[in-house]
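Trainee: Let's see this in three dimensions:
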Amino acid sequence: MHGRKGRILENFEEVLTQYEPMISAALRQLNIYRDHDSFRQAGRVALWQAWTRYEEGRGHFAPFASISIRGAMLDIIKREVRFEENVMQTEEKYLNDVESPATIQWSDRLSQAFKILNDAEREFIHWYFVEGLSQAECAEKAGVSVAGIKKRRHRMFVKLKGALQDNTTKEILSV
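Mentor: Numbering: from 1, shown residues only. Have a look, this model is predicted:
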């Protein structure tokens, strides 16, 4: 590479080689046991950003890099937690609706809605809600990733919601 940018990139490659163990240490310290590649990449990006923002004379680079790497990984964890909280609130809302003994009519509507689900989706419902398995355990049983099981769950809830709304609309129109 030529010019200043080439030297910067070459220098960063040296920095990355030197600080790669710091990224691994951050993974261990935060007890990250999944998606290592994603977290490792976030650590590398954070190292790059720290390296480009670092100003000589304002302290040592190593602690600055460590804080940046750890912060980037914590940001990912926080985003995942927020997503999970939103999904769990939605699931609890659906479960409360399902478990409430409103009327037999509601039970019939739910039975009709469940008919649109395929066998894998019904199996997931049994594992998750009846057996109380975690998403990771359901994913393992289904032979897919946790992200895959989350997508299935989301699609299933969308299908059920649509079916329940269709049934409600039909009932209103028939009155």
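
Trainee: where along the protein do the strands fall?
Mentor: Taking DSSP state E, the chain contains no strands at all.

Trainee: Quick one: the helices in it, in order.
Mentor: Applying DSSP state H to the chain gives helices spanning 3-29, 36-53, 61-99, 104-114, 119-125, 135-142, 146-174.

Trainee: Comparing those helices, which yields the minimum mean pLDDT?
Mentor: The weakest mean pLDDT among those belongs to helix 104-114, with a mean of 66.

Trainee: okay, the helices of the chain in CSV with mean neighbour count next?
Mentor: C-betas here are computed from N, CA, C, even on glycine. What follows is the helices of the chain, written out as CSV (neighbours: other CB atoms under 10 Å):
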stretch, mean neighbour count
helix 3-29, 13
helix 36-53, 16
helix 61-99, 14
helix 104-114, 13
helix 119-125, 15
helix 135-142, 16
helix 146-174, 14
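
Trainee: what's the residue lying closest to Ala72 once chain neighbours are set aside in contact with, if anything?
Mentor: Closest residue to Ala72 apart from its sequence neighbours, by CB to CB, 6 or more residues apart in numbering: Ala46 at 3.5 Å. By CB atoms under 8 Å, 6 or more residues apart in numbering, the residues touching Ala46 are 68-69, 71-73.

Trainee: Roughly how far does the nearest residue to Val144 once chain neighbours are set aside sit from Val158?
Mentor: In space, and not counting its chain neighbours, Val144 is closest to Arg152: 7.6 Å by CB to CB, 6+ apart. Taking CB to CB, to the nearest Å as the measure, Arg152 and Val158 are separated by 11 Å.

Trainee: try Arg44
Mentor: 35 Å.

Trainee: Check Val144 too.
Mentor: 18 Å.

Trainee: how about the contacts of Ala46 in CSV, adding distance to Glu13?
Mentor: What follows is the contacts of Ala46, written out as CSV (distance: CB to CB, whole Å):
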residue, distance to Glu13
Ser68, 18
Ile69, 17
Gly71, 23
Ala72, 19
Met73, 22
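
Trainee: which among these gets closest to Phe129?
Mentor: Taking CB to CB as the measure, Phe129 lies nearest Met73 of the contacts of Ala46, at 32.0 Å.

Trainee: isn't that closest one right next to Phe39, touching?
Mentor: Yes: under the criterion of CB atoms under 8 Å, Met73 makes contact with Phe39 at 5.3 Å.

Trainee: Alright, I will stop here.
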